[in-house]
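Trainee: the sequence isn't on hand, but the structure is:
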DNA sequence: ATCATATTGTTCCATTTTTCACAATAACAA
DNA sequence: TTGTTATTGTGAAAAATGGAACAATATGAT
């Protein structure tokens, strides 16, 4: 079983690169084309594919359409993914308005907040009271959520939505959350991303 | 020389955990406390520290205040980091309004956009025309930027700010950018983060 | 039909990263 | 003072990751 997160990220990159190539009229692709597009080696592309039983043609490369089909199936993109956003602050609202998810088959179906002033049922993405999250998650069978609430509220919000059936959470609160059994929390920590960048910029500066 | 990004990310996590412990009144900490807080092993904590020449006391653990000093110095947090945001769309605006950076000593000093309608010089974080970015970067000696512009504009905006002196960029546009010589680009790709999450949720579901 | 060539799939090797294990030693107790 | 204990610091082992190399082979050329 694959536990290598980087490998799955590379599959996403291959997929994105393939759509671009397809848009340019390409029908087949070689491992080294893909390596160039995503910044890796041809061996790694081939190995990534072989891990998932994807095979191409000796001397013929890979057929883009069938390759995309397989990648999309692996990545769960053969069905629309309904996602909800918990927290309608700056970040949460921006995510709800962000148009980039659509073309990836990801649809934000609702936002939730505790602040009554934020509630807006007629929004393109309705913003509902957090009280209603449980019922909403159950009746719509949502499995994925984005958590964009203040630090202090993050753990309890996580517990609430996981108890209601959420299995995967992308957490923007800059602190480590304890994932309830049976659910997965991935973190997007912008402060840490920036710190990391600053560190490497400083190192580059010093060693120059 | 350290090139291990994960190691640096762990340092940030240790730092954050230490502030929380300090706020609770703790004065010293053991490697296994830190391991618990950030979700790792005690050996790794000690090894991470040893890589940077940080040492504690046999049987006495680490003094939190001096440990924080050293981590902050490694992470470049002994001075305010001025950052600018390029692109004042949903994501860019949310980042400019996000209050979480301040407590990390990161200050967003300006935003830039090509759309004249977005310009607002009297904003708490002024939003200026992209034309002015070069002069601003030079005169304020900014080294770090967040790139939150549409895909199509990302590479040219990157080239522009790097030519003006930006050394590190956190890119939110969901495509691979070519980093100009001497600068570093880190990517935050929300679509890919969600895809990744969905993949692992699906795997967990199947193997259950 | 035969040969040359290009490209895959996979094995093996190198490197990086993590974990284990334990000697060294500071703090404390008797 | 001596002994016991807790914890570090690090060297060695193990695991994971990535890359190079090459045999296998399909394709196209002659």
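Mentor: Happy to help now that I have it. Everything numeric in this text was worked out from a predicted model, so none of it was measured.
Trainee: any idea whether the residue nearest to the spatial centre of chain A is helix, strand or coil?
Mentor: Most central in chain A under C-alpha atoms, centre = their mean is residue A:170, positioned 7.6 Å from the mean C-alpha point. Following DSSP: H, G, I helix; E, B strand; the rest coil, residue A:170 is assigned to strand.
Trainee: helices and strands around the longest helix seen in chain A, which ones?
Mentor: For chain A, the longest helix by residue count, based on DSSP state H, is helix A:5-23. Here helix A:5-23 touches helix A:31-38, helix A:42-51, helix A:64-74, helix B:190-206, going by 3 or more C-beta pairs under 8 Å, 6 or more residues apart in numbering or on different chains; DSSP states H and E. C-beta: built from backbone N, CA, C; applies to glycine.
Trainee: list the buried residues for the third one?
Mentor: Spelled out, it's helix A:64-74. Going by neighbour count (16 or more other C-beta atoms under 10 Å in any protein chain shown), the buried part of helix A:64-74 is A:64, A:67-68, A:70-72, A:74.
Trainee: what separates it from the chain centre, distance-wise?
Mentor: 18 Å (C-alpha atoms, centre = their mean, to the nearest Å).
Trainee: what's the answer for the first one, then?
Mentor: Per C-alpha atoms, centre = their mean, the displacement of helix A:31-38 from the mean C-alpha position of its chain is 22 Å.
Trainee: where in chain A is pLDDT low?
Mentor: Along chain A, the model assigns pLDDT under 70 to residues A:208.
Trainee: care to break chain A down by domain?
Mentor: By the assignment in automatic domain parsing, chain A contains the domains A:5-74, A:81-192.
Trainee: contacts only, for the residue in chain A that DNA strand C sits nearest to.
Mentor: Residue nearest to DNA strand C within chain A: residue A:55 (2.7 Å; C-beta to the nearest atom of the strand). Each residue near residue A:55 by C-beta atoms under 8 Å, 6 or more residues apart in numbering or on different chains is listed here: residue A:49.
Trainee: which parts of chain A sit against DNA strand D?
Mentor: Residues of chain A lying near DNA strand D by C-beta under 7 Å from any atom of the strand: A:3-4, A:6-7, A:40-41, A:43-44, A:46-47, A:57-60.
Trainee: also near DNA strand C: which of these, exactly?
Mentor: Within these, those near DNA strand C by C-beta under 7 Å from any atom of the strand are A:43, A:46-47, A:57-60.
Trainee: can I get the residues you listed in CSV with neighbour count and distance to residue B:26?
Mentor: Formatted as CSV, those follow (neighbours: other C-beta atoms under 10 Å in any protein chain shown; distance: C-beta to C-beta, whole Å):
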residue, neighbour count, distance to residue B:26
A:43, 11, 48
A:46, 19, 51
A:47, 12, 46
A:57, 9, 62
A:58, 6, 62
A:59, 6, 64
A:60, 9, 63
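Trainee: relative to chain B, how far out is the residue nearest to the centre of chain A?
Mentor: Taking C-beta to the nearest C-beta, to the nearest Å as the measure, residue A:170 falls 6 Å from chain B.
Trainee: now do residue A:30
Mentor: From residue A:30 to chain B the distance is 18 Å (C-beta to the nearest C-beta).
Trainee: with adjacent residues omitted, what lies nearest to that residue?
Mentor: Spatially, and ignoring its direct neighbours in sequence, residue A:30 is nearest to residue A:61 (4.1 Å; C-beta to C-beta, 6 or more residues apart in numbering or on different chains).
Trainee: show me the contacts for the residue nearest to residue A:13 when sequence neighbours are not counted.
Mentor: Nearest-residue entry for residue A:13: residue A:38, 4.1 Å, with adjacent residues in sequence omitted and distances by C-beta to C-beta, 6+ apart. Neighbouring residues of residue A:38 by C-beta under 8 Å, 6+ apart: A:10, A:13-14, A:17, A:45, B:176.
Trainee: which one of the residues you listed has the most neighbours?
Mentor: In terms of neighbour count, residue A:14 stands highest of those at 26 neighbours, by other C-beta atoms under 10 Å in any protein chain shown.
Trainee: which residues touch that one?
Mentor: A:34, A:37-38, A:45, A:48, A:67, A:71.
Trainee: between those residues, which sits nearest chain B?
Mentor: Chain B has its nearest neighbour among those in residue A:38, at 6.6 Å by C-beta to the nearest C-beta.
Trainee: surely residue A:182 is in a helix?
Mentor: No: assignment of residue A:182 by three-state DSSP gives coil, placing it outside any helix.
Trainee: returning to what we had before: distance of the residue nearest to residue A:30 from residue A:149?
Mentor: Applying C-beta to C-beta, to the nearest Å, the value for residue A:61 to residue A:149 is 47 Å.
Trainee: looking at these two, which has the bigger crowd around it?
Mentor: Between residue A:61 and residue A:149, counted using other C-beta under 10 Å, the more crowded position is residue A:149 (25 against 18).
Trainee: return the residues of chain A in contact with DNA strand C.
Mentor: A:30-32, A:42-43, A:46-47, A:49-50, A:54-62.
Trainee: pull the longest strand from chain A.
Mentor: strand A:106-113 (DSSP state E).
Trainee: which elements pack onto it?
Mentor: strand A:81-86, helix A:90-97, strand A:127-129, helix A:133-140.
Trainee: so what strands line up beside that strand?
Mentor: Here strand A:106-113 has these sheet partners by DSSP bridges: strand A:81-86 (parallel), strand A:127-129 (parallel).
Trainee: that concludes my questions; thank you for your assistance.
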